[in-house]
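Visitor: Next comes the sequence, and after it the predicted model I'd like to discuss.
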Amino acid sequence: MDLQEHPHRRFNPLTGDWVKVSPHRTKRPWQGQVEKPQIDTLPAYDEHCYLCPGNERAGGHMNPPYTGTFSFDNDFAALIPDVPAGSLTAGPHDMLQAKTDRGICKVVCFSPRHDLTLARMDLPSIEAVVQLWKDEYVALGAKDFINHVQIFENRGAVMGCSNPHPHGQIWAEEELPDIPAQELKNQRSYYEQHGSVLLCDYLDYELEQKERIVIENDSFVVLVPFWAVWPFEVMVLPRRAVSSLAELTAQEQKDLASIIKRIGIRLDNLFQTNFPYSMGIHQAPTDGREYPMLQMHMHYLPPLLRSATVKKFMVGYELMAMPQRDITAETSAARLRELSETHFMEMAGL
Ligand code: H2U
Ligand code: ZN
């Protein structure tokens with residue numbers, strides 16, 4: 001079979017799911033249409049923003065006049081620490097089940113500047129974000145009732161993000177959420193079966209193949225995974241076996257900041273827009289056990305397909321049956337490789 005020609009399905013060894021790929025629908029070469037840059041000019045400080053330094057948040061809390069990163073407990077937290085342990089079952093053969101869920105939700109401001117993004121911040125500022133993520137992972141993970149820390153960023157109005165001020169969130173909780181649990185299960189069974197780390201073996205293979213690699217540095221590689229679902233989905237993988245941010249050296253933290261900036265610029269340049277996405281870091285659970293089978297990694301899941309406004313919808317067949325894509329992971333990687341690492345807004349003199 002030819003992956004660039006024949007309709008097929010691809011297996012995701014991390015989750016155990018499959019994705020349909022229909023490359024015959026995009027046989028035409030890319031038209032290379034040039035997008036008009038979408039330049040949203042925002043003020044460096046917005047007096048109505050609940051994340052800007054010195055401003056009041058909903059519920060009356062005041063942000064300090066912070067000058068670097070700033071994290072605080074989410075004022076509308078989905079998870080709270082003080083819930084009594086409890087569960088109930090009901091219905092035929094106990095098919096209805098519920099359990100209380102304990103946790104902590106935080107909001108992380110990446111910068112005091114309302115108008116910046118990770119892709120447009122300077123390297124020392126992104127390094128400070130990586131340091132904050134690491135510190136939060138360690139501090140939250142050290143709490144006895146916190147067994148998993150999910151760090152993520154949801155960016156852009158199209159993703160339902162409520163505020164352009166550069167920020168992310170952290171949901172730390174007692175139980176492993178479903179996707180990390182599924183990825184852990186598959187990484188564990190691979191490790192037991194082959195005696196090596198699934199994502200390290202996968203990276204070695206991709207570095208030989210080269211066709212899905214986007215960028216790399218001494219410590220990290222960005223690639224479009226073979227099993228990508230979203231058109232320009234990418235994954236950031238460490239070269240060395242590390243199960244969490246806590247294990248990164250100072251140099252690796254710098255290299256991670258650099259790779260985040262570089263992939264952010266490429267994604268923004270693709271359609272000359274502040275590329276919307278959900279991004280997150282998968283790391284070892286924080287239950288005090290060792291996870292040698294688990295390789296820390298980041299997923300970027302962006303919805304845009306053809307332009308700043310044409311997004312891929314996960315609807316119809318995809319909601320009813322399974323995900324599907326037209327453009328192949330290899331074609332997406334090639335397009336991301338061609339892009340400049342000078343941000344389009346910088347090119348426009350902003
Ligand atoms: P988004 O990443 O979806 O924009 O969410 C921002 C979070 O900020 C959201 O979870 C919280 C919301 O609960 N928030 C506060 O904690 N305080 C506020 O004053 C407004 C928003
Ligand atoms: Zn702001």
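Guide: Structure's in. What do you need? Numbers count the residues shown, from 1 in each chain. Ligands and ions are numbered 1, 2, ... in the order given.
Visitor: Okay, and the beta partners of the residue minimising distance to the centre of the chain?
Guide: The residue lying closest to the centre of the chain (CA atoms, centre = their mean) is residue 279, at 1.8 Å. Listed beta-bridge partners, residue 279: residue 153, residue 300 (assigned using DSSP bridges).
Visitor: And it, how close does it get to residue 42?
Guide: Remark: distance between residue 279 and residue 42 (CB to CB, to the nearest Å) = 20 Å. Every C-beta, even on glycine, is put in place using the N, C-alpha and C of the backbone.
Visitor: thought the residue nearest to the centre of the chain was touching residue 155?
Guide: Yes - contact criterion CB atoms under 8 Å: residue 279 and residue 155 qualify, at 7.3 Å.
Visitor: List the contacts of the closest residue to residue 152 other than its chain neighbours.
Guide: Distances taken as CB to CB, 6 or more residues apart in numbering put residue 280 closest to residue 152, at 3.7 Å, once the chain neighbours are dropped. By CB atoms under 8 Å, 6 or more residues apart in numbering, the contact set of residue 280 is 150-153, 298-299.
Visitor: Quick check: of these, which lies closest to ligand 1?
Guide: Ligand 1 has its nearest neighbour among the contacts of residue 280 in residue 153, at 7.5 Å by CB to the nearest ligand atom.
Visitor: residues near the closest one, how many?
Guide: The tally of other residues near residue 153 (other CB atoms under 10 Å) stands at 23.
Visitor: can you tell me how far residue 47 sits from residue 259?
Guide: In this view, residue 47 and residue 259 are 35 Å apart by CB to CB.
Visitor: what does the stretch 51-200 of the chain put close to ligand 1?
Guide: Selection of the stretch 51-200 of the chain residues close to ligand 1 by CB under 6 Å from any ligand atom yields 57-58, 74-76, 107, 154, 161-163, 169.
Visitor: Now, of those residues, which are buried?
Guide: Buried subset of these (neighbour count, 16 or more other CB atoms under 10 Å): 74, 107, 154, 161, 169.
Visitor: how about those residues, which pair is most distant?
Guide: 74 and 161 (14.1 Å; CB to CB).
Visitor: quick one: secondary structure of residue 71?
Guide: When classified by DSSP: H, G, I helix; E, B strand; the rest coil, residue 71 comes out as strand.
Visitor: Quick check: residue 268 is in a strand.
Guide: No - counting by three-state DSSP, residue 268 is not found in a strand; it is helix.
Visitor: For stretch 182-202, what is the distance to the chain centroid?
Guide: With CA atoms, centre = their mean, to the nearest Å as the basis, stretch 182-202 stands 21 Å off its chain's centre.
Visitor: And stretch 76-87, by the same measure?
Guide: Using CA atoms, centre = their mean, the offset of stretch 76-87 from its chain centre is 25 Å.
Visitor: what bridges to residue 168?
Guide: Beta-bridge partners of residue 168, as defined by DSSP bridges: residue 108.
Visitor: Distance check, it against residue 262.
Guide: Residue 168 is 18 Å from residue 262, by CB to CB.
Visitor: Between these two, point out the one with more neighbours.
Guide: Between residue 168 and residue 262, counted using other CB under 10 Å, the more crowded position is residue 168 (23 against 18).
Visitor: my read: that one touches residue 152, true?
Guide: Yes - using CB under 8 Å, residue 168 is in contact with residue 152, at 6.0 Å.
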